[in-house]
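sequence first, predicted coordinates after that:
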Amino acid sequence: MKKLSIFLLGLLLLTSCKKEPKYVFYFIGDGMGAYEVLATQMYNAELKGNIGIEPLCFTQFPVASLVTTYSATNGVTDSAAAGTALATGHKTKNGALGVVNDTTKVNSIAYWAKANGYKVGISTTVGINHATPGAFYAHQASRNNYYQIAGDLVASNYDFFAGGDFIDPENKKSRAENYTESAYSIIEKGGYTIARGYSDFEAKAATTDKMVLFQAEKKGDSLPYAIDQTDEDLSLADITRAGISFLTKDASSKGFFFMIEGGKIDGAGHANDAATEMYEVIDFDNAIKVAYEFYQQHPDETLIVVSADHETGGMIVGNGAYALSLKTLANQKCSAGAFTSKLKNLRIKNQNKVSWEEVQALLKEYFGFGDAVKLTEAEEAALKAVYDQTFQNKEVQMEESLYENNEPMAGEAKRIIDKKSSIGWTSGSHSAGYVPLFAIGVGAEAFNAQVDNTEIPVKMAEIAGYVHE
Ligand SMILES: [Zn+2]
């Protein structure tokens, strides 16, 4: 009897050890380094009047560690090489997507999940054919082959895609003589239904097995920054909700693998726009909350892993003084990009004869300058100098970052508020800074130590029991 109960206990332990998650979420914050997460938590604490942190949903997960991100060729990776590492477990050269250095194709964990009978979803806030999502389904020597990446989407046969839109769907960048059709037409012929916006998704979801969800009205190839979004805009939380409902609609299915990218954290980092970046991290957390609610309903069947591809901007919290003033950022009401549009509209309205008082009024409305945010004489003088240079002369030298082209006034306002908020930036590029990893659910404990980015998909596949090459 005693022997039998030991045997049964052993069997029980063995089966419980072997438990595989039916549902796997893989959240990737593009450009979300360790300090971007810390800054957001300390910012939230200051808004409540506290020094310290106000945790996000994902920072409360029971497992946390740090990830190294260097690529095969560079100490500082780009999103294509990092995406390939996070998706396939292979280091590659910067710029390459779903292929290793010698351009041999390598498959991703999403492909392995699909081959093992799971439903697969790939989603982002940027273009669906951008580097990070692309790394999960495409194989291209260059991340810039946007049209070809979009074409690779059909071959993946994955079940659900979502994002802002396609980048370069008409292949304007390198259109050949024999160009015949847009990326939209290619994916529709490949059996995908396109939905534009959440209500269109709801109307079409029941009658199709393969769905691509874009924002309702094309506002560029990405969703607007969270700080600039209105209630009408599709959000990453909406995308997560839509994906879960689509990937679970077939009750007999084995489960799903779902990658969700907070793709614009990186853009705000490139632009050194701290307030916009905090909102992006909070937006990303809001999407994770949707997955966490799902986890609470299926705690023994779900794994959630949250990480990032690399750090952007070399952000640091604290820029000289021992007192932080992160809450100052709450006075910024739009991204530097959106502020640029407001300045442009003012120029158009006034036929380029814009007064200093009008610019000051905008700075007050969108940055709190001269109101909640007191400016020093030097700061006022710096803003006035930018005004004299860019509103009095005809030629305006725009400030370019990787994804933005901003009015110098927007740039100067952002620099002033970031400096006053104690945020420091090292550059407008990526850094080799640690990125964090947080996990919860079945098998999460496998991530309780420093990992290289290439180890993440391999460990996840092992936990989930995805048999692969
Ligand atoms: Zn980047």
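On my side now, so go ahead.

distance of Ala82 from Ser245?
From Ala82 across to Ser245, the span is 30 Å (CB to CB, to the nearest Å). Just so you know, the C-beta spots here come from the backbone N, C-alpha and C atoms, and that holds for glycine as well.

more neighbours: which of these two?
Counted by other CB atoms under 10 Å, Ala82 and Ser245 do not tie: Ala82 has more neighbours, with 30 against 13.

OK, contacts around the more buried one?
Neighbour list for Ala82: 69, 71, 132, 309-310, 453 [criterion: CB atoms under 8 Å, 6 or more residues apart in numbering].

now it. Nearest residue, chain neighbours left out?
Distances taken as CB to CB, 6 or more residues apart in numbering place Asp309 nearest to Ala82, at 3.6 Å, with adjacent residues excluded.

got it, and Ala138?
Ala138's closest residue in space is Asp152 (CB to CB, 6+ apart), at 3.8 Å.

packing partners for the helix or strand containing that neighbour?
Asp152 is part of helix 146-156, with elements assigned from DSSP states H and E. Packing partners of helix 146-156 (3 or more CB pairs under 8 Å, 6 or more residues apart in numbering; DSSP states H and E): helix 109-115, helix 183-189.

is it true that Phe284 touches Gly31?
No - the criterion here is CB atoms under 8 Å, and Phe284 misses it with Gly31 at 10.7 Å.

ok, the two, which is more surrounded?
Phe284 (33 against 30).

before we move on, back to that, how close does the residue nearest to Ala138 sit to Cys334?
In this view, Asp152 and Cys334 are 35 Å apart by CB to CB.

neighbour count: those two, which is higher?
Between Asp152 and Cys334, counting by other CB under 10 Å, Cys334 is the more crowded of the two (21 against 17).

report the contact partners of that one.
Residues near Cys334 by CB under 8 Å, 6+ apart: 227-228, 342, 366.

only whichever of the residues you listed are buried, select them in ChimeraX.
Burial among the contacts of Cys334 is assessed by 16 or more other CB atoms under 10 Å; the matching ChimeraX selection reads:
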select :227,228,366
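
and the two most separated of the contacts of Ala82?
Spatial extent of these (CB to CB) is set by the pair Ser71 and Thr132 at 13.9 Å.

quick check on those two: which one has the bigger neighbour count.
Using other CB under 10 Å as the criterion, Ser71 and Thr132 rank with Thr132 on top: 29 against 24.

and the closest residue to the more buried one other than its chain neighbours, how many neighbours?
Spatially, and ignoring its direct neighbours in sequence, Thr132 is nearest to Gly83 (4.3 Å; CB to CB, 6+ apart). The local packing of Gly83 (other CB under 10 Å) involves 32 other residues.

Phe258: which element?
Going by DSSP H and E, Phe258 is part of strand 256-262.

and the strand or helix carrying Thr390, what does it pack against?
Taking DSSP H and E as the criterion, Thr390 maps to helix 377-391. Other elements packing on helix 377-391 under the criterion 3+ CB pairs under 8 Å, 6+ apart are helix 356-367, helix 408-420.

now render those as a markdown table, adding mean pLDDT and distance to Ile348.
Formatted as a markdown table, those follow (pLDDT from 0 to 100; distance: least, CB to CB, whole Å):
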| stretch | mean pLDDT | distance to Ile348 |
| --- | --- | --- |
| helix 356-367 | 97 | 13 |
| helix 408-420 | 97 | 15 |
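
out of those helices, which gets nearest to Cys57?
Among the helices and strands packed on helix 377-391, the nearest to Cys57 by CB to CB is helix 408-420 (25.7 Å).

what angle sits between the closest one and helix 377-391?
160 degrees (axes from the mean of the first three to the mean of the last three CA atoms, to 10 degrees).

quick one: strands adjacent to the next helix or strand after helix 408-420?
On the C-terminal side of helix 408-420, the closest following helix or strand by DSSP H and E is strand 423-424. Partners of strand 423-424 in the sheet, by DSSP bridges, are strand 316-317 (antiparallel).

who touches the next helix-or-strand element following the strand it pairs with?
Next in sequence after strand 316-317, counting helices and strands by DSSP H and E, comes helix 336-349. Residues outside helix 336-349 that contact it (CB under 8 Å, 6+ apart): 224-225, 227-228, 271, 273, 276, 334, 354, 358-359, 362, 366-367, 404-407, 409-411, 413-414.

ditto for stretch 97-112
By CB under 8 Å, 6+ apart, the surrounding residues in contact with stretch 97-112 are 26, 72-73, 80, 83-84, 87-93, 96, 120, 122, 131, 134-143, 149, 152, 156, 158, 257, 259, 457, 460-461, 466-469.

looking at the contacts of Cys334, which is nearest Gln60?
For the contacts of Cys334, the residue nearest Gln60 by CB to CB is Ile227; the value is 23.9 Å.

which residue comes closest to the closest one once chain neighbours are left out?
Nearest residue to Ile227 in three dimensions, chain neighbours excluded: Tyr279, at 4.0 Å (CB to CB, 6+ apart).

report all helices and strands that the strand holding Phe258 contacts.
Secondary-structure packing of strand 256-262 (3+ CB pairs under 8 Å, 6+ apart): strand 23-29, helix 109-115, strand 119-124, helix 131-134, helix 236-247, helix 274-297.

so which of these is the most packed in?
Most buried of the helices and strands packed on strand 256-262, by mean neighbour count (mean count of other CB atoms under 10 Å): helix 131-134, with a mean of 30.

what's it packed up against?
When contacts are defined as 3+ CB pairs under 8 Å, 6+ apart, helix 131-134 sits against helix 79-88, strand 119-124, strand 256-262.

run the last query once more with 10 Å
strand 23-29, helix 79-88, strand 119-124, helix 146-156, strand 256-262 (3 or more CB pairs under 10 Å, 6 or more residues apart in numbering; DSSP states H and E).
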